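A.B. asks: show me how the following folds:
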Amino acid sequence: MKALIIAAGNGTRMQTVIRGRHKSLMPLLGLKIIERVILGAKEAGISEFVIVTGYKGEKLQGFLGNGTKYGISISFVQNDNWEKANGISVLVAQKYFRENFVLLMGDHVFSPKTLIRIQRLKLKQHECVLAIDKNLDSVCDVSDTTKVMIKDGKAIALNKNLESYNGYDTGMFVCSPYIFKVLEKSTKLDKNSLSHSMRVLISEGKLRTLDIKGSLWADCDTWEDIKFAEKKLLKNLSKPADGILSKKFNRKVSTFITRFLIKTPITPNMISVFIPVLAILTFFLLSKGTYPWLIFGGLMIQFLSIIDGCDGEIARLKFMKSFLGAWLDPILDRYVRITCLRNSL
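C.D. replies: Numbers count the residues shown, from 1 in each chain. Alright, predicted model coming up:
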């Protein structure tokens, strides 16, 4: 399935921070926001992208190129009416889509698992599906979030100003080409927003919903939103298998370290290879067998446990998972454990 990403707006609410730059090129934990969108979609199996640009479109196109550096293909469409609502950005890409497609926002980050799930849904004729979040405490700015009322798996109302709602619009859709017909009719009436066209689909009973069930997503519309997204991404690094010590201490320290490492050229595999070097130093300290060295050695074992989490965290945050890393990490972990265990006996 192809993906359409709309990234034409000028980020009015963030202009005091971006100062003329493209909002989607703002950094977010080691990657640009738009890179997170693209790489997240790639992890969900998408390799063909159409990106609609407008404001500072040449900057965005110059940074991303044709997608080769990400292992994908990117086509660009310029929306000269980018100052109008975002429905026009979807409409100008019409010629690229003859089948169902994924529609994403250039400033919304998400879990690839959600995108995998939504692509698996089988749509009826002319239907679209919207990923929604029923956790009403999951956003930074409720007033600027599009609310949705859901009943029996379908949206029955959608608006930022809804007083009664039970979910949020996450900005992720799977659409049929029928959406372009709806947009054509709507824009002729000067109803240019994507939300308006979705309300047309609602009136026809054709907007289904998919509950993301607590998966990560974040709208990066303001500087506060970006900082909020950072916290959500870092919190999302925890694993169900983490023990009490890991949850309460190790993971907090490792994510603190990771926040700095992701801004450097250090890769997960570099950390994986560096850990055994630290293990040798730990072995040397423990081999002294006397009180102060045993304390230092014990602290080093704890530090090894913490730093061991950083390679996986960087890999997940920067979409750098690899077969080599998956193979190398557990082997080196076993080496470290055996080294420390033998010396403690």
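A.B. asks: rounded mean pLDDT for stretch 289-297, please.
C.D. replies: Averaged over stretch 289-297, pLDDT sits at 76.
A.B. asks: contacts for it?
C.D. replies: Outside of stretch 289-297, the residues within contact range by Cβ atoms under 8 Å, 6 or more residues apart in numbering are 282, 285-286, 288. To be clear about C-beta, it is placed using only N, CA and C from the backbone, and glycine gets the same treatment.
A.B. asks: what do you get if the cut-off is 7 Å, keeping everything else the same?
C.D. replies: 282, 285-286 (Cβ atoms under 7 Å, 6 or more residues apart in numbering).
A.B. asks: ditto for stretch 39-51
C.D. replies: Contacts of stretch 39-51 (Cβ under 7 Å, 6+ apart): 1-5, 7, 38, 67, 70-77, 93, 96, 102, 104, 109-110, 112, 115-116, 119, 319.
A.B. asks: any buried residues in that stretch, and which?
C.D. replies: Within stretch 39-51, the residues that qualify as buried are 39-44, 46, 49-51, counting by 16 or more other Cβ atoms under 10 Å.
A.B. asks: so where does Leu237 fall, helix or strand?
C.D. replies: Using DSSP states H and E, no element contains Leu237; it sits outside every helix and strand.
A.B. asks: before we move on, the earlier item: buried among the contacts of stretch 39-51? Make that a PyMOL selection.
C.D. replies: This is how PyMOL selects the buried members of these, with burial counted by 16+ other Cβ under 10 Å:
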select buried, resi 1+2+3+4+5+7+38+67+70+72+74+76+77+93+102+104+109+110+112+115+119+319
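A.B. asks: the contacts of stretch 39-51 in helices, which ones?
C.D. replies: Among these, the ones falling in helices (DSSP state H) are 38, 112, 115-116, 119.
A.B. asks: okay, now the sheet partners of the longest strand along the chain, with direction.
C.D. replies: With secondary structure taken from DSSP state E, the chain has its longest strand at strand 167-175. Applying DSSP bridges to the sheet, strand 167-175 is found paired with strand 101-105 (antiparallel), strand 128-133 (antiparallel), strand 147-151 (antiparallel).
A.B. asks: restricting to C-alpha, output it in CSV.
C.D. replies: Provided in CSV are the C-alpha atoms of strand 167-175 (Å, rounded to 0.1, in the frame of the first residue of the first chain):
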residue,chain,number,x,y,z
GLY,A,167,-11.8,9.5,21.3
TYR,A,168,-9.2,11.6,19.5
ASP,A,169,-8.3,11.8,15.8
THR,A,170,-4.7,10.5,15.6
GLY,A,171,-4.1,11.8,12.0
MET,A,172,-3.7,8.3,10.6
PHE,A,173,-6.2,7.0,7.9
VAL,A,174,-6.6,4.4,5.3
CYS,A,175,-8.6,5.9,2.5
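A.B. asks: other residues contacting that strand?
C.D. replies: So strand 167-175 is contacted by 100-105, 108, 110, 114-115, 118-119, 121, 123, 128-134, 138-139, 145-148, 150, 158, 212, 217, 219 (Cβ under 7 Å, 6+ apart).
A.B. asks: ok, back up a step: dump the strands paired with strand 167-175 into CSV; add mean pLDDT as well.
C.D. replies: Putting those into CSV (pLDDT from 0 to 100) gives the following:
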stretch, mean pLDDT
strand 101-105, 97
strand 128-133, 97
strand 147-151, 97
